[in-house]
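> Quick one: sequence and predicted model below, then my questions.
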Amino acid sequence: MSSSDDDMPLASKPKTNGVNGASHAPISEAHISAKTDAALDKQLPSNGDVVPAVPNLEQDVSMEDAQHATTNGVKRKASSARPDFTEAESSDDEPLSKKQKTSRPSHAIESDSDDEPLAAKSNGRVRTISAADIGEEEDSDTPLTKKLVDQKQDIMKAAEKTAQVIKKEKAKEITKPQKKPAAKKVKKEESSDDEPLSKKAPPASKTKKVKAEAPAPTKGKGKGKAVKKEETEEPEDDEAEGETNWWDNPMKGDGENKWDTLQHSGVVFPPPYEPLPKNVKMKYDGVPVTLHPDAEEVAGFFGSMLNSTHNVENPTFQKNFFNDFKEILKKTGGAKGPNGDKIAVKDFSKCDFKPIFEYYDAQREAKRNLPKEEKKRLKVEKDEIEAPYMFCLWDGKKQKVGNFRVEPPGLFRGRGEHPKTGHVKARVQPEQITINIGKEATVPPPPEGHRWKEVKHDRTGTWLAMWQENINGNFKYVMLAANSDVKGKSDFEKFEKARRLKGHIADIRKSYRQELKDDLMVNRQRATAMYLIDTLALRAGNEKGDDEAETVGCCSLKYEHITLREPNIVEFDFLGKDSIRFHEEYPVDKQIFKNLRLFKKAPKKEGDDIFDRLTTTSLNKHLSNQMPGLTAKVFRTYNASWTFAQLLKEIKPGGTVAERVKAYNDANRRVAIICNHKRTVGASHAQSMEKMSEKIKGVKYQAWRVKQMMIDIDSKIKKKKGAEFFELPDDIDQEWILEHQAFLIEEQTNKITKKFEKDNEKLKAEGQKEMKQKELTERLGAVKELEQKFKKENKSKKVEAEGKSPSIDSLQKKLDALETRVANMSIQAEDKESNKEVALGTSKINYIDPRLTVVFSKKFDVPMEKFFSKTLREKFQWAIDSTKEDWDF
DNA sequence: CTTCAAGAATCTGAGATGGTACA
DNA sequence: CTGTACCATCTCAGATTCTTGAA
């Protein structure tokens, strides 16, 4: 490929310690030592002075904006307006010939507005369900509940059709990887014939044929052939594989439409609200108050999460909740005291939700303590009800649905300082839900007495149902699970795109380095941003509204988020996605430093955008010119996977499985750190760490004792092995030993006592006589012996060999076992510590090409299960099945 | 065999991206 | 025609809940 330094901006980041707050030198030597630097220095004086080499730029920045900031600004949405720091740029920036290439990539979509997209789009806001809607009309609670139960049955009946079809699919497809020949084929035909939908729709197999033929002119050939074979039934040849696994023919990506036929059972609604028992009430000013069920439900939202102090003690959360709560109180007749008198609920601090909390907590507890038989029964019951919704038929193939459950109402838990956190998230009504389904399919019936908002047949979408949520007006989609074909394919494409970037990265880097000195502000900002995205793995950073948490990414970095320190240190401190803090110090390329200083130059001040001439859209537009399909996020994928690949290559073969797994996890961790994937460290972490090291010391102590026993057996061994061998480990001293011995004795005592008590209970339960106290004393004799032994050892400084016929040999074996145990435990402990606030999962699931793991697993002979859980293996089945050992990212 | 924490699975909020209508 | 605001859809994220397996 390219020069090696071009290849590794991230891998050379010694960023491993980032989490611990130590500063590090993240920027690749390549960047820092780039010879361009010298040249740059000539053009751009290194000190406070203002980039004389780029007069235009200077002028641009310093002068204009005082005059034009207000007058010349383009109209912008108030909430996200960027102040103009320069004169409207369009005139001097854009005429550039560079711009010539605005032509869209050839694959630009020909607007195929297919079915009725416009109608759908023109729908106004979803009607939000007001309290009145939920309340007065449907007041009759019990009937409502019953109604819903009945509905459920109806739904199930309707869903049955789909379910039947799906079941059949299951029968034949569940075994897909195995090559079940002829019989399967036949069955398929049958099933499609007698499936209930056959009248309305082309049966599955037929559909497939259609699909296979349509794209045939291009690339559908393999598939078409396979289908044909299937039709003429060709058992063993195993077209089934070609048919069932898209990765056997991944190139057949057809364009616009995601499916030809689609049937599913819709969504599952959460159960209706069950009012609290009469004796459970929230208190206001110490008085239990009675609420309308709708208000009570809202009170319950808050009450049931009292243990989540993080939310419940957040003032914004309280305020938003309480406003909504008062609102619904107003609509439902307020709160009533014990005598039926009205009570004005005005003060949040006088509300006591504890009774509600205790009730729900007791419920949870009760549920937890249910006999496991009962638990199992309930689970089976639930599974049965949900079975029809769990899968859909996508082009005739059974696929798992991801989130078929409509989100239940509750309090919105916005992360960070979300202005809307705590607001009531309303119950979603069928009337808000749009169903997307094949024209040929049976539309799942809405709950009795309800209707869907709309039913559409949008083949360009991958979603099955959709609604709009009431807090932010966002859309929620029901889509397929991660192990489905669509998701898998798109995952595959994501990584392929990242791999393609490999071939362009050298050019891209060269180009943006050049542009770091560009005369045009836009270009210079863009290049600087690209550097940050490439080097620090920042996200693109779209603008956000006032009604969201104030988090940023690259393009939305603000003045106060970076601090510059001579000669070239940049300190980043900002909240990124999910309000996770990004706080790092980096030495950067000289030119970057200069640019950032320029972008922060007065009159810019706190709150102003650093990249005021840059938007994610323009950035991505530029990127896609450099490589079709390239966007900012691809860099994260690329750098994560590429880095991981390099790290894996550094791992030497050999060692135990545990060591290899650790090496893998270490690499994983490096990537997670690059991506700034964090988790909150649990309160119990330190304690559990302590416990662990105690345990390790315990085993070390055991090992030491065994060594002493060797001396006991063979006094000459001391010379043979060397005195050092028999010394106490560094972290163990006499004091500790005494403590530990006491601990061991106590532990033994407890254990024996407990056992004794239990045995007695058992005897009692069986109606037999309990053992006497004397028995216990007798049993505790063992402890006494132990105590004596320790005493003796402490005194004599010798350890008598234990066990029957102890020999040096047997002791050595024992010692070996103990030492491997120590080693394993130490590895575990290290792992845990370095892991405490890094979340490995996100990068493993989303950024690291799974094929790397597959190759590693094969080369190092470590079972996949060590790296991928069951779901992950399903999600990455395409990689597991199709990756050869010599594959490289 | 019970307990409890680690790890897996689920949930749903937060971003990225690209299209479209419109000024 | 150009740049935005808004919409729509999909990926990615940490917290929460559930399960499991080791002590």
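Arrived safely, thanks for sending. Bear in mind that the values here come from a model prediction, so they are computed numbers and not experimental data.
> When you work out contacts or count neighbours from here on, use the C-alpha atoms and nothing else.
Will do.
> any weak-confidence spans in the stretch 201-350 of chain A?
Within the stretch 201-350 of chain A, the stretches with pLDDT under 70 are A:201-243, A:250-255.
> Which stretches in it count as helices?
Assignment of helices within the stretch 201-350 of chain A using DSSP state H, counting those that start in this stretch yields the ranges A:204-213, A:221-231, A:239-244, A:293-303, A:309-312, A:315-331.
> can you check the stretch 401-550 of chain A too?
A:485-502, A:505-515, A:521-536.
> Go through those helices and name the closest to DNA strand B.
helix A:521-536 (10.0 Å; C-alpha to the nearest atom of the strand).
> Taking the stretch 751-889 of chain A, what residue is nearest to DNA strand C?
Closest point on the stretch 751-889 of chain A to DNA strand C, by C-alpha to the nearest atom of the strand, is A:Asn846, at 4.5 Å.
> Next, the nearest residue to that residue once chain neighbours are set aside: secondary structure please.
Once flanking residues are discounted, A:Asn846 sits nearest to A:Thr637: 8.0 Å by C-alpha to C-alpha, 6 or more residues apart in numbering. Using DSSP: H, G, I helix; E, B strand; the rest coil, the structure places A:Thr637 in helix.
> repeat for A:Lys375
helix.
> same question, A:Leu564
For A:Leu564, the assignment made with three-state DSSP gives strand.
> Quick check, pLDDT for it.
pLDDT recorded at A:Leu564 is 97.
> which residues sit in contact with it?
Neighbouring residues of A:Leu564 by C-alpha atoms under 8 Å, 6 or more residues apart in numbering: A:570-571, A:593, A:597.
> what two of the residues you listed are the furthest from one another?
With C-alpha to C-alpha as the measure, no two of the contacts of A:Leu564 lie farther apart than A:Glu571 and A:Arg597, at 12.4 Å.
> near DNA strand B at all, whichever strand or helix holds A:Leu744?
Using DSSP states H and E, A:Leu744 maps to helix A:734-765. No. Residues of helix A:734-765 are not located near DNA strand B by C-alpha under 7 Å from any atom of the strand, the shortest gap being 9.7 Å.
> export the following helix or strand past that helix as CSV, just CAs?
Downstream of helix A:734-765, the first helix or strand assigned by DSSP H and E is helix A:773-779. Presented in CSV, the C-alpha positions along helix A:773-779 are these (Å, rounded to 0.1, in the frame of the first residue of the first chain):
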residue,chain,number,x,y,z
GLN,A,773,-24.1,-29.4,70.4
LYS,A,774,-21.5,-31.9,71.2
GLU,A,775,-21.5,-33.0,67.6
LEU,A,776,-20.6,-29.5,66.6
THR,A,777,-17.8,-29.2,69.0
GLU,A,778,-16.5,-32.5,67.6
ARG,A,779,-16.7,-31.3,64.1
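> for helix A:773-779, packing partners?
helix A:734-765 (3 or more C-alpha pairs under 8 Å, 6 or more residues apart in numbering; DSSP states H and E).
> Got the domain ranges for chain A?
A:143-254, A:686-761+A:773-828 (automatic domain parsing).
> And the pLDDT for A:Glu739?
86.
> Look up how far A:Glu787 lies from it.
A:Glu739 is 12 Å from A:Glu787, where distance means C-alpha to C-alpha, to the nearest Å.
> same question, A:Asn472
From A:Asn472 to A:Glu787 the distance is 67 Å (C-alpha to C-alpha).
> If I average pLDDT within each of the domains of chain A, which one is lowest?
Among the domains of chain A, domain A:143-254 carries the lowest mean pLDDT (a mean of 43).
> What is the nearest of the contacts of A:Leu564 to A:Lys832?
Taking the contacts of A:Leu564 together and measuring to A:Lys832 by C-alpha to C-alpha, the closest member is A:Glu571, at 28.3 Å.
> Look up how far DNA strand B lies from the closest one.
For A:Glu571, the distance to DNA strand B equals 19 Å [C-alpha to the nearest atom of the strand, to the nearest Å].
> Spatially nearest residue to that residue (excluding sequence neighbours)?
Per C-alpha to C-alpha, 6+ apart, closest to A:Glu571 is A:Glu585, 4.2 Å.
> Check A:His504 too.
A:Met627 (7.0 Å).
> coming back round to it: the helix holding A:Leu744: how far from the chain's middle?
With C-alpha atoms, centre = their mean, to the nearest Å as the basis, helix A:734-765 stands 43 Å off its chain's centre.
> most packed of the helices of the stretch 401-550 of chain A?
helix A:521-536 (a mean of 24; mean count of other C-alpha atoms under 10 Å).
> helices or strands up against that one?
helix A:505-515, helix A:590-599, helix A:632-650.
> Just send these back as JSON lines, with mean pLDDT and distance to DNA strand B too.
Output for the helices and strands packed on helix A:521-536, formatted as JSON lines (pLDDT from 0 to 100; distance: least, C-alpha to the nearest atom of the strand, whole Å):
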{"stretch": "helix A:505-515", "mean pLDDT": "96", "distance to DNA strand B": "16"}
{"stretch": "helix A:590-599", "mean pLDDT": "96", "distance to DNA strand B": "20"}
{"stretch": "helix A:632-650", "mean pLDDT": "97", "distance to DNA strand B": "3"}
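> Start and end of stretch A:728-738, how far apart?
Note: stretch A:728-738 ends 14 Å apart using C-alpha to C-alpha.
> re the thing from before, neighbour count: A:Glu739 and A:Glu787, which is higher?
A:Glu787 (16 against 11; other C-alpha atoms under 10 Å).
> Write out the residues of the stretch 401-550 of chain A neighbouring DNA strand C.
Residues of the stretch 401-550 of chain A that fall close to DNA strand C, judged by C-alpha under 7 Å from any atom of the strand: A:460-463, A:474-477, A:487, A:490-491, A:494.
> Now flag whichever of those is closest to A:Gly422.
So of those, ranked by how close each gets to A:Gly422 (C-alpha to C-alpha), first place is A:Asn474, at 16.4 Å.
> In this structure that closest one contacts A:Met466, no?
No. Using C-alpha atoms under 8 Å, A:Asn474 is not in contact with A:Met466, being 10.4 Å away.
> ok, the two, which is more surrounded?
A:Met466 (20 against 10).
> Would you mind measuring from that one to A:Gly410?
19 Å.
> Next: A:Arg509.
A:Arg509 is 48 Å from A:Gly410, by C-alpha to C-alpha.
> what do you get for A:Asp518?
For A:Asp518 relative to A:Gly410 (C-alpha to C-alpha), the value is 52 Å.
> To what extent is A:Phe301 buried, counted in neighbours?
A:Phe301: 22 neighbours (other C-alpha under 10 Å).
> residues touching it, list them.
A:410-411.
> Is A:Glu687 part of a helix or strand, or is it coil?
For the record, residue A:687 is Gln, not Glu. Strictly by three-state DSSP, A:Gln687 counts as helix.
> how many neighbours does it have?
10.
> residues in contact with it?
If you count contacts by C-alpha under 8 Å, 6+ apart, A:Gln687 has none.
> can you tell me how far it sits from DNA strand C?
For A:Gln687 relative to DNA strand C (C-alpha to the nearest atom of the strand), the value is 15 Å.
> cool, and A:Val406?
For A:Val406, the distance to DNA strand C - C-alpha to the nearest atom of the strand - is 15 Å.
> What's the local residue count around the closest residue to that residue other than its chain neighbours?
Counting by C-alpha to C-alpha, 6+ apart, A:Phe269 is the residue found nearest to A:Val406 once chain neighbours are left out, at 5.3 Å. Neighbours of A:Phe269 under the rule other C-alpha under 10 Å: 18.
> my guess is A:Phe269 contacts A:Arg405, does it?
Yes. Applying C-alpha under 8 Å, one finds A:Phe269 in contact with A:Arg405, separated by 6.1 Å.
> quick one: contacts of whichever strand or helix holds A:Cys392?
Element membership for A:Cys392 (DSSP H and E) is strand A:391-394. The contact list for strand A:391-394, computed with C-alpha under 8 Å, 6+ apart, reads A:162, A:166, A:259-265, A:398-401.
> Identify the residue of the stretch 351-500 of chain A closest to DNA strand C, quick one.
For the stretch 351-500 of chain A, C-alpha to the nearest atom of the strand, closest residue to DNA strand C: A:Gly461, 3.7 Å.
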